[in-house]
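**Student:** requesting a structural model of the entry that follows:
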Amino acid sequence: MHPVRVSIPSFRSENSSVEKGYTVFKIDVLMNGRQHTVEKRYSEFHALHKMLKKTIKPPEIPSKHVRNWVPKVLEQRRHGLELYLQTIIMENEVLPKIFLDFLNIRHFPSVPKTESCGSFDTESLESSKLSHQPVMLFLRDPYLLPAGHDEFSNVVIEGVVHGVYYPDLQPR
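**Tutor:** Modelled structure (predicted):
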């Protein structure tokens, strides 16, 4: 099971007085338990396909030209595009940046799709490094611990802070 899952549950036809009518496909993207929706036209899928061909061997994309715009034909195209996206995810260990951008997924360079921020059971040391941001730590919490030298300081909170953050420090 992969952390990135996509489906195209529906589509709608758009008619405009300026340009010829077109179809918009609703793409549901589920990654790391979070779901969002992206709407794309076929022309955007076609542009993605052309760009992907420069870096990977993408699967076949449904035909660009459709003879008639009846719902059955559009449903076949919807299913074909859904299969196209799912196949890219299944066949590539590292998803290309252009593909992640297409799905509006925030990406981290060189992180395989099977790891969000690293893994504890990988063979390589390089892939197991977690990517964390620096954290500011207060020795004393200014809101919970009394200021100065109080005779009745909060021993429980102090003990937890020292135990978690400074296990090698000796108590005062």
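
**Student:** hey, where'd the strands end up in the chain?
**Tutor:** In the chain, the strands defined using DSSP state E lie at 4-14, 22-31, 34-41.

**Student:** could I get those as CSV with distance to Trp69, mean neighbour count and mean pLDDT?
**Tutor:** To be clear about C-beta, it is placed using only N, CA and C from the backbone, and glycine gets the same treatment. Output for those, formatted as CSV (distance: least, CB to CB, whole Å; neighbours: other CB atoms under 10 Å; pLDDT from 0 to 100):
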stretch, distance to Trp69, mean neighbour count, mean pLDDT
strand 4-14, 7, 15, 92
strand 22-31, 8, 17, 93
strand 34-41, 14, 12, 94
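
**Student:** now these in CSV, with distance to Ala47?
**Tutor:** Output for those, formatted as CSV (distance: least, CB to CB, whole Å):
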stretch, distance to Ala47
strand 4-14, 17
strand 22-31, 14
strand 34-41, 10
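
**Student:** between those, which gets nearest to Thr87?
**Tutor:** Ranking those by proximity to Thr87 (CB to CB) places strand 4-14 first, at 10.4 Å.

**Student:** what's the angle from the closest one to strand 22-31?
**Tutor:** Angle of strand 4-14 versus strand 22-31, following axes from the mean of the first three to the mean of the last three CA atoms, to 10 degrees, is 160 degrees.

**Student:** parallel or antiparallel, list what pairs with strand 4-14.
**Tutor:** With DSSP bridges as the test, strand 4-14 is paired with strand 22-31 (antiparallel).

**Student:** mind listing what Lys64 touches?
**Tutor:** Residues near Lys64 by CB atoms under 8 Å, 6 or more residues apart in numbering: 42, 46.

**Student:** so where's the protein shaky on pLDDT?
**Tutor:** 1-2, 17-19, 67-68, 107-154, 167-172 (pLDDT under 70).

**Student:** now the helices for it?
**Tutor:** Per DSSP state H, the chain carries helices over the ranges 42-52, 71-91, 97-102, 155-165.

**Student:** these: which one's closest to Arg12?
**Tutor:** Using CB to CB, the helices of the chain put helix 71-91 closest to Arg12, at 9.6 Å.

**Student:** show me what the closest one packs onto, helices and strands only.
**Tutor:** strand 4-14, strand 22-31, helix 42-52 (3 or more CB pairs under 8 Å, 6 or more residues apart in numbering; DSSP states H and E).

**Student:** again, only using 7 Å
**Tutor:** Contact partners of helix 71-91 among helices and strands, from 3 or more CB pairs under 7 Å, 6 or more residues apart in numbering; DSSP states H and E: strand 4-14, strand 22-31.

**Student:** appreciated, that's everything.
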